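Q: starting from these lines, generate the structure:
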Amino acid sequence: MKLKEASKSDYDFFYDLLKERDKKINISHKKMPTKKESYKFNLGKPYAYDFVILNKEKIGRVYLTKHNEIGIFIKKEYQNKNYGKKAILMLIDKVKLNKYYANVSPLNIRAQNFFKKLRFKLIQYTYILE
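A: Take a look at the predicted model:
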């Protein structure tokens, strides 16, 4: 397994990953963006570090925001096979920082448990009034 720096050739893959996300536990989108909106978002280079996770083929994405927030999504068929853990550890090894954060929906118990196993600690609850 390896991490490859993301490029335009990965944007279709990133959109397909986005379509796999469970809408009930997604905290980054209220509604599914169009392919054009997704492409425009990625063209803006929104992340400080952005990688495709490769294991013979593209299996996921891991990134680090400018605020040291880790984001990760693995294709459903590759979840629960330790690829997520390996990708996070590889990212941390590539980008050495004092602190890393992970924002997780309160409904996403699997992601909460995933980050707890990686020794992340809960530090806050965030509320929104719309």
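Q: any chance you could map the strands in this structure?
A: Secondary structure of the chain (DSSP state E): strands at 2-5, 49-55, 57-64, 70-74.
Q: out of these, which is closest to M90?
A: Closest to M90 of the strands of the chain, according to C-beta to C-beta: strand 2-5, at 5.3 Å. Any C-beta I mention is one placed from the backbone N, CA and C, and that applies to glycine too.
Q: which other helices and strands contact the closest one?
A: strand 49-55, helix 83-94 (3 or more C-beta pairs under 8 Å, 6 or more residues apart in numbering; DSSP states H and E).
Q: for the last one, buried residues please.
A: Using 16 or more other C-beta atoms under 10 Å as the test for burial, helix 83-94 gives Y83, G84, K86, A87, I88, M90, L91.
Q: closest to K66 among those residues?
A: L91 (14.6 Å).
Q: tell me the contacts of the residue lying closest to that closest one once chain neighbours are set aside?
A: If the residues on either side of it in the chain are set aside, L91 comes closest to V62, at 5.2 Å by C-beta to C-beta, 6 or more residues apart in numbering. With contact set as C-beta atoms under 8 Å, 6 or more residues apart in numbering, V62 has these partners: L3, F51, I53, I70, G71, I72, A87, I88, M90, L91.
Q: separation between the third one and M1?
A: When you say that, I think you mean I53. Here the criterion is C-beta to C-beta, to the nearest Å. By it, I53 lies 7 Å from M1.
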